[in-house]
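**Student:** Sequence and predicted structure below; questions after.
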Amino acid sequence: MGLEIVKMLRGRASRKVRLLECETVPENFTREVREFRPTHVLMIDAAQLGAEPGEARLVPPERILGMFLSTHAIPLSLLTEVIKQSIDAEVMILGVQPKEIEFGEGLTPELRRASKRIVSILVRIMKESVR
């Protein structure tokens, strides 16, 4: 989910934004994040929100304890804490409800529509923040 959104944002994001395709090991990118020194970090991932497929919610890191958020090697709650402490950035997670929580390739039609909607919103936010 997050990878698809990053790919769709390539060439459309502000130069002030660093897009990272972290796949299932976002912890391998903490050095790159620290070197970029962002003020904000947004992680996008599939999440069991108890919502309709494709529904997205911003989830503060302190609220993800016990939530199913993808298949990462370390809990995203721990990773967000490391980022917050090491670079003093605001960290949020954009969780998107998948239709099914299973390993597989490709996106369901619901997630494809949600990805396009999220990209449109993020592009608009980036344009407004440059003003």
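**Tutor:** That came through fine. Since we're looking at a predicted model, the values are computed, not measured. Residues are numbered from 1 along each chain as shown.

**Student:** contacts and neighbour counts: CA atoms only from here.
**Tutor:** Will do.

**Student:** so where is the chain shaky, pLDDT-wise?
**Tutor:** Along the chain, the model assigns pLDDT under 70 to residues 65-73, 101-105, 130-131.

**Student:** For the residue sitting nearest the centre point of it, grab phi and psi.
**Tutor:** With distances taken as CA atoms, centre = their mean, the residue of the chain nearest its centroid is Ile44 (1.5 Å). Torsion angles at Ile44 (phi, psi; degrees, to the nearest 10) stand at phi -120, psi 130.

**Student:** Test my guess that it contacts Leu76.
**Tutor:** No. Using CA atoms under 8 Å, Ile44 makes no contact with Leu76, being 10.8 Å away.

**Student:** Need the contact partners of the lengthiest helix in the chain.
**Tutor:** The longest helix of the chain (DSSP state H) is helix 109-130. Residues from elsewhere that reach helix 109-130 (CA atoms under 8 Å, 6 or more residues apart in numbering): 1, 4-5, 8-9, 12-14, 53-56, 96, 98-99.
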